[in-house]
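J.: need a structure here:
(one chain, ligands or ions: 1)
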Amino acid sequence: MSHDTTAPLVIFDLDGTLIDTSPDLVASLNHTIAAEGLEPVTYDDLTHLVGQGVHMMITRAYAMRERALDEETRARLFNRFMDFYLGTMPGASKPYAGVLDALDRLEGAGMKLAVCTNKIESLTFPLLEKLGLKDRFGTITGGDTFAWRKPDARHILGTIEKAGASASRSIMIGDSVNDIAAAKNAAIPSIAVPFGYSDVPVATLDPSIIISHYDELTPALVTRLIGG
Ligand SMILES: O=C(O)COP(=O)(O)O
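T.: Purely as a prediction, here's the structure:
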């Protein structure tokens, strides 16, 4: 591992930021809850459901349908979700337009790349692997890597430490309140993308900047935002 703490670290959220996973999250959740007789959810529902992992997505789907969910059922549905999602992965999930070129540009400028996602490691690693993206990131942390996850600052700070980088040279890119709040909590700048799964307009999250396409993500922008 490199310990060049002067190299900027660009930290990406995964679902709704790097990769559009929505078709597969919706299909996997609907497969999971259909077995219990729950009405299917839609893409629009996803913004309320996703963000804190699979357990929470199932819990929120039950709350949305005003159905009680006991621990035993939740554990069983978690396994059902995992089997289906992993069995169909990568499905229709794909990187957002311009992501690959942006990674090339940042890497070419000597910047380090990381993923900090609330998706658990056993989903994050195979998804990135199957999309040929895993080796693009020197550091990948999931929702169960540490005892904390976004919006807790320690998820980001732990990612930075693992990458051998420094918080004063790091930036977070995300689509939701978890990402932008975690960046604020960690006192690092943030870039919001408006095409992900936020249930509020990303401007209301008060990120350092909003980019509407990855063509705007350049080494010059990163350097400017981290203040040097
Ligand atoms: O899996 C989730 O619920 C959220 O994942 P994310 O942090 O990559 O958006």
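
J.: mind listing what the closest residue to residue 228 other than its chain neighbours touches?
T.: Excluding the flanking residues, the one nearest residue 228 by CB to CB, 6 or more residues apart in numbering is residue 169, at 7.8 Å. In short, each C-beta sits where N, CA and C put it, glycine included. By CB atoms under 8 Å, 6 or more residues apart in numbering, the residues touching residue 169 are 5-9, 226, 228.

J.: give me the distance between residue 169 and residue 153.
T.: Separation of residue 169 from residue 153 (CB to CB, to the nearest Å): 16 Å.

J.: now residue 23
T.: Taking CB to CB, one finds residue 23 at 32 Å from residue 153.

J.: of those two, which one has the most company?
T.: residue 153 (18 against 14; other CB atoms under 10 Å).

J.: contact partners of the helix or strand residue 11 falls within?
T.: Element membership of residue 11, judged by DSSP states H and E, is strand 9-12. Residues from elsewhere that reach strand 9-12 (CB under 8 Å, 6+ apart): 18, 106, 111-116, 137, 156, 159-160, 163, 165-166, 169-174, 222.

J.: now stretch 156-165
T.: Residues contacting stretch 156-165 (CB under 8 Å, 6+ apart): 1-5, 7-9, 11, 112, 114, 116, 138-139, 141, 145-146, 148, 150, 166-167, 170, 172, 182-183, 185-186, 188.

J.: kindly report the same for stretch 179-192.
T.: So stretch 179-192 is in contact with 13, 17, 116, 150-153, 155-157, 160, 167, 170-175, 202-203, 205-211, 217, 221, 225-227, going by CB under 8 Å, 6+ apart.

J.: what's the helix or strand bottoming out on mean pLDDT in the chain packed up against?
T.: Every helix and strand of the chain was ranked by mean pLDDT, DSSP states H and E. The lowest is helix 43-49, at a mean of 93. On a contact count with 3 or more CB pairs under 8 Å, 6 or more residues apart in numbering; DSSP states H and E, helix 43-49 meets helix 22-34, helix 53-64.

J.: so who does the residue lying farthest from the centre of the chain touch?
T.: The C-alpha centroid of the chain is most remote from residue 37, which lies 29.3 Å away (CA atoms, centre = their mean). Taking CB under 8 Å, 6+ apart, we find residue 37 in contact with no residue.

J.: can I assume residue 191 sits in a strand?
T.: Yes - applying DSSP: H, G, I helix; E, B strand; the rest coil, one finds residue 191 inside a strand.

J.: output stretch 220-228 as PDB, restricted to C-alpha atoms.
T.: The C-alpha trace of stretch 220-228 is given here as PDB (Å, rounded to 0.1, in the frame of the first residue of the first chain):
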ATOM      1  CA  ALA A 220      -8.500  20.500 -11.500                       C
ATOM      2  CA  LEU A 221     -11.900  20.500  -9.800                       C
ATOM      3  CA  VAL A 222     -10.700  18.100  -7.100                       C
ATOM      4  CA  THR A 223      -7.600  20.100  -6.500                       C
ATOM      5  CA  ARG A 224      -9.600  23.300  -6.200                       C
ATOM      6  CA  LEU A 225     -12.100  21.800  -3.800                       C
ATOM      7  CA  ILE A 226      -9.500  20.400  -1.500                       C
ATOM      8  CA  GLY A 227      -7.800  23.800  -1.500                       C
ATOM      9  CA  GLY A 228      -4.600  23.300  -3.200                       C
END
